[in-house]
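>>> sequence first, then the predicted structure:
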There are 4 protein chains.
Amino acid sequence: MLAAANPGDTVAYGADPWTERATSQLRELFGARGGVFFVFTGTAANVLGLGLLLRPYEGVVCPASSHLNVDECGAVERVLGCKLLSVPAPDGKLTPELVASRLADRGDEHRVQPGVVAVAQATELGTCYTLAELRALREFCESQRLLLYLDGARLANAAAYLGCSLAELAGCADVLSFGATKNGALGAEAVVVMADGLDGAAPYLRKQHMQLGSKMRYLAAQFCALLADGLWLRNAQQANAMARRLADGLHDVAGVSVCQPVMANMVFAEVTKSLLEPLRRDWHFDSAGDASVPVARWMTAFNTTEADVDDFLAAVRKAAGQS
Amino acid sequence: MLAAANPGDTVAYGADPWTERATSQLRELFGARGGVFFVFTGTAANVLGLGLLLRPYEGVVCPASSHLNVDECGAVERVLGCKLLSVPAPDGKLTPELVASRLADRGDEHRVQPGVVAVAQATELGTCYTLAELRALREFCESQRLLLYLDGARLANAAAYLGCSLAELAGCADVLSFGATKNGALGAEAVVVMADGLDGAAPYLRKQHMQLGSKMRYLAAQFCALLADGLWLRNAQQANAMARRLADGLHDVAGVSVCQPVMANMVFAEVTKSLLEPLRRDWHFDSAGDASVPVARWMTAFNTTEADVDDFLAAVRKAAGQS
Amino acid sequence: MLAAANPGDTVAYGADPWTERATSQLRELFGARGGVFFVFTGTAANVLGLGLLLRPYEGVVCPASSHLNVDECGAVERVLGCKLLSVPAPDGKLTPELVASRLADRGDEHRVQPGVVAVAQATELGTCYTLAELRALREFCESQRLLLYLDGARLANAAAYLGCSLAELAGCADVLSFGATKNGALGAEAVVVMADGLDGAAPYLRKQHMQLGSKMRYLAAQFCALLADGLWLRNAQQANAMARRLADGLHDVAGVSVCQPVMANMVFAEVTKSLLEPLRRDWHFDSAGDASVPVARWMTAFNTTEADVDDFLAAVRKAAGQS
Amino acid sequence: MLAAANPGDTVAYGADPWTERATSQLRELFGARGGVFFVFTGTAANVLGLGLLLRPYEGVVCPASSHLNVDECGAVERVLGCKLLSVPAPDGKLTPELVASRLADRGDEHRVQPGVVAVAQATELGTCYTLAELRALREFCESQRLLLYLDGARLANAAAYLGCSLAELAGCADVLSFGATKNGALGAEAVVVMADGLDGAAPYLRKQHMQLGSKMRYLAAQFCALLADGLWLRNAQQANAMARRLADGLHDVAGVSVCQPVMANMVFAEVTKSLLEPLRRDWHFDSAGDASVPVARWMTAFNTTEADVDDFLAAVRKAAGQS
């Protein structure tokens, strides 16, 4: 699709037919009343999306494990100057009760005021909210005059897992991101504004956040490719299926214990150190925890094959002395 | 002292004899190799002090209960753009172990890098670090290339409790604040730079942080008054003694349980709701926690008298049905 | 008045009778529909005032010579993250035409969007807008959907010069500051919100900007003193009269040429270098310009006496060889 | 090259062979002692580059016409919190004298301190610094303890015009950017750190600035393509030659007057309104100025052909009634 978008000249900064096509398709697919804005990274999508929703003295209620809080090198604090009001959430998911635990300071001028609730779907721990859970959060937010932002870096994986439409997921959010990068693209994310009246600042903030691509057609073309014939869904289904296959293959390996529900393209497993170390020599993955039983994070992708999974499973079994 | 400083004209912005006198006295009292900078509030002292120590991608390891994290309406995030790396600390005190728990991400470009450890002395929970505890933290910080900031809004209370000099307390810090406001002044705080080479930015940052008083002599004169004849120490001793008297008087009141060691000018007590409510009608204090047994924070000051304490104790006993 | 406010305890952070009294008096005097918020410095008043009016991608049209642009060490850029759109204005005053010269970029996502016009009254060059000039600016701003901020660090001097009420001056602004410091106080400024719906963020931003005084009564008492019996006006009249006396006394001194209209408490004069240097040995004042004929800024204050002015004039004449 | 980089898996965030290859080639080509960091846009390169050089109270001396000052929607002010100290420069070029005009405030705590000088090569007005001019600026900066940043969004065009190496241009800078986007790439810029000891913060700031691409190989591959066989230089030569052809073709057109030296890929021309308007119907370009004789900016690119230029020239002549 990039090759198709390449020939000829076009107007810069998004006034081109590829951007027009991709943004209209996305607006329709999501049922968005506001605009769609392409940016380069998931971090940028989160910062721009939150920037549309926050006032300078407001904070973001989010899970302690959220990408926002942990993996963006303080971009929200630096670029928006806002504080994150993080809540421990063992499975990576907020609930109305967890959000409520951060609302006691409302009206106290000494305290950052909670203004936005941020959730990821799928979460950073590979779990998904059910539609009912999302709706409950949405209702709670509305009742508390809180806006809801959804980090959709892995939204396709959640839609594939739940078997629902993107619009059903997006319906709960005021603004959300839709990630193409993890779904097979070179590098492109969309910020989708669902509600009315929230996108006036977006073109300016996107530029200020250093995310306005001059040759926007190449970002747009990536979405065109994924949306063309449902490729986004097939890619996500493949990644999810491979994570499922991996988790299933691990269930009888001694020293490996899957420790989060496997709903997207991630498998979190407690792995004994003696098993972990030989695996690391040939495979690249993250692990966390300084405990004697660290937690490994194994990711699958749109292009992971059954053979890839089986090779890795064989390596795990070998490391476990079970080959 | 303000009246004494008032007559006549002098040069603005600190080039006056009162500022010269107060800053030399403070430098000597603290053993500071760097400068002393007056600001208006404790929040401002914290932000300026940390601003001298932090690079833009660094964060501050601090107790979750710290003023910095909870009670400054996000000033650090807004003005410095920095993230706080908070650690739960039930008694408000950091330890090398607690700090170590936030150091795992060093060298990971996705993560804010811990650069400064911030402690309060006395803490926001009325506890004090012993000199040995402070020195252990200092050594740990040095071994880990971390700088140490000390929030001394209540430093006088800690010195009074420990019976040590201000220099002994300050010796552990790279930069610290020394609060006059809670010690009886109208409103003045000092940022004291202990180490060499850290204060070059201070005059500019103070102005940028909107803390450069044109009539600086009136800030300086407040310190002159407190330092003149050890008034700062007598004030702190009085406040501490009244907190002690209050805690002692509470020990046999049913429904009231002092829940933090009383080392400074604060008493934290779990109080039954039925007791709390009548008290609130006549007395102004904070309480926290949504539990059935809330925690009240009762503060004493330089001007609290034994009669004040006894009046309050009588009111507590009456509310408890023990009068 | 500070002595009167001192005895006894009161609630902190502004819930005290002195703050209540000063803020009601100010609201009435200015005809303000919003709140009044005390801060410590003129820079802080400007940043808080502008912070109530600006969105993150908006800029402030202001004179190049404004305090905001020149003398606040970049506080607006640091704390608000906003760009100043400065316009050369030889007499320190904006006009609709000058503002219009910065409006061409509206709607261009690459450009900071003009959102607020900021004027000082009196200006940093000692000039005053007439009421007609202010009203013309106000009308222009309304027609262009721009908000108007007025830096009133020397508002009293302008009111004294124009013989008008503070309400007449304030009527042109959405938000303005009213300076007590230059009017004789120890150090206190008020941010006055004239329009409806603009002050909701003010308590939080004031805290975040490190301007929330715990012992607010001492800020409030300064205003109480100035407002009690028209002291603010007498102080300003005295300062203005002394500047007038100084300028009049300079008119026949060779080598000194007053170069801005004298309307407030400042005299700007081109002074030959040979005259300037001996003067500097005994008197403290600013001068600017690297030309062979520098421009001196001579300030008078509420407490400048006729004898002070005459002494200085004698020194000038002596330096000019005219004594 | 993107197609070549696509197959197979590789490690994310830059630990891949394409990034290794492109960064080593660039380091060698520029003679850089520090690292090379890819980002997505020219604005991002400027902000990251400056962020490596600035302390929070320092400002950037730059031409008023610079992209930094005019066309980045206040990104420097927002993300770095820093003030730009702009200087009018009719041909877009700074000189030691122009820089010196912004240095008077050094040491004054009320003023932002000049810390970095930022120049663009080629400039935003299509002009180039000679190597001698750059060296004079460099020497001046060194003598004044100022760092020098070079915005090289069009560095290839400058090298092509001057017939010099990239290393000769880069030698004057502490940090510079090298633009691939305007040189034919999809969208990629490099921040090149020339001096020692300046790149430690770069990985963290890049992430914080939302510029860390997970699939870095696709950014790197764009540079690999341009560097492979001197394509970057041929592209720039073609763009420059076409601008030259355009300017030459305009010299006898009534109502069009080229008003900046044509040294890169831009032609600035004063054009009568009657000529401008019909041209705009079929061609997309910027113009500025509200005068009766606006200034048009006509750009050429790596893929502009002689036929393109001749078509446009024919359109200009027709609009001028000279066809």
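Looks like it arrived, so ask away.
>>> if A:A120 is in a bridge, with which residues?
Assessed by DSSP bridges, A:A120 has beta-bridge partners A:D151.
>>> give me the low-pLDDT residue ranges for chain A?
Scanning chain A for pLDDT under 70 picks out A:290-291.
>>> near chain B, which residues of it are found?
Residues of chain A lying close to chain B by CB under 8 Å from any CB of the partner chain are A:56-57, A:59, A:70-74, A:77-79, A:81-84, A:104, A:109-112, A:290. C-beta: built from backbone N, CA, C; applies to glycine.
>>> and the residues you listed near chain D, which?
A:72-74, A:78-79.
>>> which one of the residues you listed sits closest to C:D282?
A:R78 (49.1 Å; CB to CB).
>>> any residue of the top helix by length along chain A touching chain D?
Taking DSSP state H as the criterion, chain A has its longest helix at helix A:231-250. No - remark: helix A:231-250 sits outside contact range of chain D, by CB under 8 Å from any CB, the gap being at least 13.0 Å.
>>> tell me the strands beside the next helix or strand after that helix, with direction?
Later in the chain than helix A:231-250, the nearest helix or strand by DSSP states H and E is strand A:256-258. If you go by DSSP bridges, strand A:256-258 pairs up with strand A:266-271 (antiparallel).
>>> other residues contacting the partner strand?
By CB atoms under 8 Å, 6 or more residues apart in numbering or on different chains, the list of residues contacting strand A:266-271 from outside reads A:122, A:125-126, A:243, A:246-247, A:250, A:255-260, A:279, A:287, A:293-300.
>>> for it, C-alpha coordinates in PDB please.
Written as PDB, here are the backbone C-alpha positions of strand A:266-271 (Å, rounded to 0.1, in the frame of the first residue of the first chain):
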ATOM      1  CA  MET A 266       0.700 -12.000  25.500                       C
ATOM      2  CA  VAL A 267       1.500 -14.800  27.800                       C
ATOM      3  CA  PHE A 268       2.700 -13.900  31.300                       C
ATOM      4  CA  ALA A 269       4.200 -16.800  33.100                       C
ATOM      5  CA  GLU A 270       6.100 -17.300  36.400                       C
ATOM      6  CA  VAL A 271       9.200 -19.200  35.400                       C
END
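>>> so which residues on chain A come close to chain D?
A:2, A:9, A:11, A:39-41, A:43-44, A:47, A:72-75, A:78-79, A:181, A:186-187, A:204, A:207-215, A:218-219, A:284, A:301, A:303.
>>> if we use 6 Å, what do you get?
Within reach of chain D by CB under 6 Å from any CB of the partner chain, chain A has these residues: A:11, A:40-41, A:43-44, A:73-75, A:78-79, A:186-187, A:204, A:207-208, A:210, A:213, A:215, A:218, A:284.
>>> just these: which are in helices?
Using DSSP H, the residues of chain A next to chain D in helices are A:43-44, A:75, A:204, A:207-208, A:218.
>>> which residues of the stretch 201-323 of chain A lie near chain C?
Counting by CB under 6 Å from any CB, the residues of the stretch 201-323 of chain A near chain C are A:201, A:203-205, A:207-208.
>>> buried ones among the residues of chain A next to chain B?
Neighbour counting by 16 or more other CB atoms under 10 Å in any protein chain shown classes A:56-57, A:59, A:70-74, A:77-79, A:81-84, A:109-112 among the residues of chain A next to chain B as buried.
>>> which of the residues you listed are close to chain C?
Checking those against chain C (CB under 6 Å from any CB), the matches are A:57, A:109-110.
>>> closest one to C:A136 out of the residues you listed, please.
Once CB to CB is applied, the member of these that ends up nearest C:A136 is A:Y57, at 34.5 Å.
>>> got the phi/psi numbers for the closest one?
phi -100, psi 10 (degrees, to the nearest 10).
>>> got it, and the one 3 residues further on?
The phi/psi pair for A:V60 (degrees, to the nearest 10) reads phi -120, psi 120.
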